[in-house]
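1. kindly generate the corresponding structure for this input.
(one chain, ligands or ions: 2)
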Amino acid sequence: MKTIPIRPYNGYFHPQAPTEETMLTHVSAGKPCGEYLRRFWHPIAMTSELSDTPMPIRVLGEDLILFRDLGGRLGLVHKHCSHRGMSLEYGIIGERGIRCAYHGWAYDVDGTVIDTPSEPPGSRLKASVCHGAYPTHEVHGLIFAYMGPPDEIPEFPVYDTTVWPAGTELVPLKLDLPCNWLQAHENAADPIHTAYLHSIVSGVQFSPSFSALPVLEFAETPLGLLSIATRRWGDNLWIRGSDVILPNVAQFGTGFVDGSKEKFALTAAFTRWITPVDDTHCWYIGWRQFNPVIDPEGQGRREDIGRNRIDLMGQTDERPYAVRQKMPGDWDALVGQGDIAKRSLEHLCSTDRGVTMLRRQLRAGIAEVQAGKTPSKPPRYGDEVVPTFNNETILRVPEREGATDAEVLRAFGHKVCRVIIDSGLPVGERQSATEQAVRKLQADGAFYPPPDGTTSSAVDQEKINA
Ligand code: FES
Ligand SMILES: [Fe+2]
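-> Ligands and ions are numbered 1, 2, ... in the order given. Purely as a prediction, here's the structure:
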């Protein structure tokens, strides 16, 4: 590759058409990432988007039709009729499946051809064709699809944050992002941006505590990684630990927790997938959780959540362009990277360890599928619920003379998150167990470096580009 001279005004020397990283970004069938993603369930629509007419929808680069037949069953089928290709968006929904309007062929929700009306009696044509179709799963107002090999269909993952505490309300949401899925997902593994984009550079967008620069940690979990940002807020330390779950799921806290009150292992307020529409479009789609544990003051706004609506600023393009230019949010940061971010032009730095860890994990998953293996199943407990590790923990740990505060923050983030990851407890039991364990560490002075001057605990440092 041509060397770019390090000198002022060197625009002329930069490559104008950099090569694109396709391994992790291209999502159509047959592409390495497309095949990998096809081994998982993905949400594709909100139940409320579906009417009594067929819904054209593009997922993983495939044109599909989603419908609910009059018997109440969901169908997700290839768009073009298997006869001569009319779009089934004009199909007539029946008691059982959908009928093409052009010559009347009818398909069940699983693609079985149930009628070819003009064929002579005794014709075996029906049995010789099966229309393309995919299994669906509907839960809490979202419709999921599995688009991989039918014999490798995974169990649907029920994350603990969607079932605990009892009575948690899950409100579905779906946001359009006109960019590749990976740059949208990587945002979850890049917690330093919450200080700059959401406070220091763009102005305060969430709680004022986001303005404190965090110390970052990234820990591997059985599901992917935990992206840990630890901040000092007065005498308190505040951890915001966000799950980044393979391949495209992430969880986050509310955005309005601040560092002023002690809290232990608050769970997620968002569980979202980044579902690719095609190589250059994706959806932020999932649930916003409402319960008194994560939001005791009732600051969340149910009425602001839905199709291209969310109760966090900056996640859509609804604000005028001139306003977004002065105070850009996540939507502008992600879409602003271009259709597909050009990773060959990046200059990764010390805060990008989560991004490199995520890319490494995705490459490993892709290699597994390329080797003919099925991606490993996440561990479960009890009734098949998948434990997750998202947490916000706030504890009084004042600065201490002689202890470098960045080291204290690092030890706190690392040790508390290790307690949570290693506990093996269901989320409902984990909260009080975490409080006990963390209070004990606090009483033992475990967050301060030992007096002999050696550095605090070994930490999971990830090397850039490792
Ligand atoms: S094109 Fe659909 S039945 Fe002929
Ligand atoms: Fe953000």
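2. against ligand 1, how distant is the residue nearest to Gly167 when sequence neighbours are not counted?
-> Nearest residue to Gly167, sequence neighbours excluded (C-beta to C-beta, 6 or more residues apart in numbering): Asn291, at 6.5 Å. No exception for glycine: its C-beta is placed from N, CA and C like everyone else's. Going from Asn291 to ligand 1 by C-beta to the nearest ligand atom, to the nearest Å gives 48 Å.
3. point out the residues in the protein that sit beside ligand 1.
-> Cys81, His83, Arg84, Gly85, Met86, Cys100, Tyr102, His103, Gly104, Trp105 (C-beta under 6 Å from any ligand atom).
4. what's near enough to touch the last one?
-> With contacts defined as C-beta atoms under 8 Å, 6 or more residues apart in numbering, Trp105 is in contact with Cys81, Ser82, His83, Arg99, Val113, Asp115, Thr116, Pro117.
5. again, only this time at 7 Å
-> Cys81, Ser82, His83, Val113, Asp115, Thr116 (C-beta atoms under 7 Å, 6 or more residues apart in numbering).
6. list the ones among those that fall in strands.
-> Val113, Asp115 (DSSP state E).
7. of the contacts of Trp105, closest to Met357?
-> Ser82 (43.9 Å; C-beta to C-beta).
8. what is the burial count for the nearest residue to that closest one once chain neighbours are set aside?
-> In this structure, Ser82 finds its nearest non-sequential neighbour in His131, 4.7 Å apart by C-beta to C-beta, 6+ apart. Residues near His131, counting by other C-beta atoms under 10 Å, number 23.
9. surely His131 meets Tyr107?
-> Yes: here His131 reaches Tyr107: they are 4.7 Å apart, a contact under C-beta atoms under 7 Å.
10. between these two, what contacts are shared?
-> Val77, Val113.
11. can you list the domains in this protein?
-> Taking automatic domain parsing as the reference, the chain has its domains at 41-152, 158-443.
12. for the first one, give the distance from the opening residue to the closing one.
-> Start to finish, the residues bounding domain 41-152 are 11 Å apart (C-alpha to C-alpha, to the nearest Å).
13. ok, now stretch 16-25?
-> So stretch 16-25: terminal residues 20 Å apart, C-alpha to C-alpha.
14. so which bits of whatever helix or strand Lys174 lives in are buried?
-> Applying DSSP states H and E as the criterion places Lys174 in strand 169-177. Buried residues in strand 169-177, counted by 16 or more other C-beta atoms under 10 Å: Leu170, Val171, Pro172, Leu173, Lys174, Leu175, Asp176, Leu177.
15. same question for stretch 365-375.
-> Here stretch 365-375 shows Gly365, Ile366, Val369, Pro375 as buried, counting by 16+ other C-beta under 10 Å.
16. just put the contacts of Trp105 in CSV and tack on neighbour count.
-> Formatted as CSV, these follow (neighbours: other C-beta atoms under 10 Å):
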residue, neighbour count
Cys81, 23
Ser82, 18
His83, 17
Val113, 19
Asp115, 17
Thr116, 16
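17. can you map out the helices along the stretch 251-400 of the chain?
-> 321-326, 330-335, 353-370 (DSSP state H, counting those that start in this stretch).
18. of those, which stretch is the most buried?
-> Here the criterion is mean neighbour count by mean count of other C-beta atoms under 10 Å, and of those the winner is helix 330-335, at a mean of 21.
19. can you give the contact residues for that helix?
-> 177-179, 183-184, 187, 193, 197, 314-317, 324.
20. with stretch 378-389 instead?
-> By C-beta under 7 Å, 6+ apart, stretch 378-389 touches 157-161, 163, 221-223, 226, 241, 243, 251, 420-421, 426-427.
21. out of those, which end up buried?
-> 157, 159-161, 163, 221, 223, 226, 241, 243, 251, 420-421, 427.
22. how about stretch 61-69: buried residues?
-> Buried, per 16+ other C-beta under 10 Å, within stretch 61-69: Gly61, Glu62, Leu64, Ile65, Leu66, Phe67, Arg68, Asp69.
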